[in-house]
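# only geometry, no sequence info:
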């Protein structure tokens, strides 16, 4: 009877109001059989880390189109770690310049999806990350 | 420290993990539940149900805020949303309306998907509410999926059930149908700033006026089981008539009055002896469900897949009725 569902938090930190992408991803992960907790716009890193803890998610997806990813991402990662959520894998979606990719990977980001990423790739990578 | 001791000590990460184990019906979760069970029975369980879009999440958000600001009570919220019947996936979006509660360590919000359960709750919602109860939360607010007419499981779980309506959703015939309105301890008309609120209130009022004050009973083992104590002294235990409370959750209007009604209902349950009877009914439902689940699991373990497949094949060929198939399988159990 034991059934392990993949739980994913999809959050939009920062101030941009473009949540179409986040909703498309949330829907795609839902259709892949995952449980997606959607928190809505303008979340602070503190709110995201707290929600990730309460919901005991396997994966956090951050959607950032404001250019603030180099400030917001490390803060979310720090807070997850401080809460003992070291097993949570973080993905980023949005407009991320190529020159930032290496530094995001160094921070421990599990993957970055820019415009044109296919939902199949996202689903596959999230599944793999959740499997550990 | 064991897992359940960490939960009792207020470790939020341990609590979150345990909720997952309980939700997944994992063996570890059952062990912890057993250890925690003696610590349960203190929290006030408040159910919030109603049609999709009536503003349940916003109302829960405001209620929790009110309890935090005025009474310093610890509040847990279980927000249930539906799973897809096709993929098993779900989008759980109730937190979107509960952002005011972020950053308060005395509030814990957990979203859960129904995972195939009908009735408005998930199978493990009751067990999860017990975990919160044991962890010392004074109030556990359980928000059901957007409910239609017969998602009434929450009334068996909660001490106080709020049914949330909004103007313009139905006429007075809807109001006299059996089902969801019957389970209300408190009727809430949310979005009360909208046109049509008078008509909604009138319809609900006439529904209540038509009702002969009847004791709340549940059908149980095929028998109607009253959950109200036999009245010894009718003056000390008056029948509870569900109040109708207008709110505008997005602006926080009517919330204090609603909280008062909830407190009055809790007091009524205690004085009338109904609290104890509801506890009894709830635990009985839980025991029955567990017995059923255990027996089914045992049965399925005892019969081989090939026996099962053979029986199913015969049913499909119309060579065997499903009733006879059950008899055959029960008799042919390997032990």
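Perfect, thanks for sending it. Since we're looking at a predicted model, the values are computed, not measured.
# pretty sure residue B:205 sits against residue B:243.
No: using C-beta atoms under 8 Å, residue B:205 is not in contact with residue B:243; the gap is 10.6 Å. From N, CA and C alone the C-beta is placed, and that goes for glycine too.
# distance of residue A:39 from residue B:273?
For residue A:39, the distance to residue B:273 equals 43 Å [C-beta to C-beta, to the nearest Å].
# more neighbours: which of these two?
Neighbour count, other C-beta atoms under 10 Å in any protein chain shown: between residue A:39 and residue B:273, residue A:39 has more, with 26 against 15.
# how about the strands in the stretch 201-335 of chain B?
B:217-220, B:223-226, B:244-246 (DSSP state E, counting those that start in this stretch).
# the stretch 101-250 of chain B against chain A: which residues are in contact?
Residues of the stretch 101-250 of chain B found near chain A (C-beta under 8 Å from any C-beta of the partner chain) are B:102-103, B:108-111, B:113, B:115.
# which of those residues fall within helices?
With DSSP state H as the criterion, helices contain none of those.
# would you list these in TSV and tack on neighbour count and distance to residue A:48?
Listed next are those as TSV, based on neighbours: other C-beta atoms under 10 Å in any protein chain shown; distance: C-beta to C-beta, whole Å:
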residue	neighbour count	distance to residue A:48
B:102	18	9
B:103	11	12
B:108	23	16
B:109	24	13
B:110	25	16
B:111	28	14
B:113	26	20
B:115	19	25
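# pick out the most distant pair among the residues you listed.
Farthest apart among these by C-beta to C-beta are B:103 and B:115. That separation is 29.7 Å.
# which residues touch the closest residue to residue A:100 other than its chain neighbours?
Excluding the flanking residues, the one nearest residue A:100 by C-beta to C-beta, 6 or more residues apart in numbering or on different chains is residue A:70, at 6.0 Å. By C-beta atoms under 8 Å, 6 or more residues apart in numbering or on different chains, the contact list for residue A:70 reads A:100, A:103-104.
# how many neighbours does the residue of the stretch 201-335 of chain B found nearest chain A have?
The nearest approach of the stretch 201-335 of chain B to chain A comes at residue B:297, 6.9 Å away (C-beta to the nearest C-beta). The number of residues packed near residue B:297 is 11, by other C-beta under 10 Å.
# tell me where the model's unsure across chain A.
A:1-3 (pLDDT under 70).
# kindly report the residues of it close to chain B.
Within reach of chain B by C-beta under 8 Å from any C-beta, chain A has these residues: A:1-5, A:7, A:26-27, A:29-40, A:43-44, A:46-47, A:50-51, A:53-56, A:83-85.
# hmm, 6 Å instead?
Contacts of chain A with chain B, taken as C-beta under 6 Å from any C-beta of the partner chain, map to A:1-3, A:26, A:30-31, A:33-40, A:47, A:53-54, A:56, A:84.
# of those, just the buried ones, ChimeraX syntax please.
Burial among these is assessed by 16 or more other C-beta atoms under 10 Å in any protein chain shown; the matching ChimeraX selection reads:
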select /A:26,30,31,33,34,35,36,37,38,39,40,47,53,54,56
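# list the ones among the residues of chain A next to chain B that fall in strands.
Cross-referencing the residues of chain A next to chain B against strands under DSSP state E gives A:35-38.
# now do the SS call for residue B:58.
Secondary structure of residue B:58, reduced to three states by DSSP: H, G, I helix; E, B strand; the rest coil: helix.
# surely residue B:242 meets residue B:188?
No: if you go by C-beta atoms under 6 Å, residue B:242 and residue B:188 don't touch, sitting 10.0 Å apart.
# compare these two (neighbour count), which wins?
residue B:188 (28 against 21).
# show me what the strand or helix carrying that one is packed up against.
Assigned by DSSP states H and E, residue B:188 belongs to strand B:186-189. Counting by 3 or more C-beta pairs under 6 Å, 6 or more residues apart in numbering or on different chains; DSSP states H and E, the packing neighbours recorded for strand B:186-189 are strand B:160-165, strand B:244-246.
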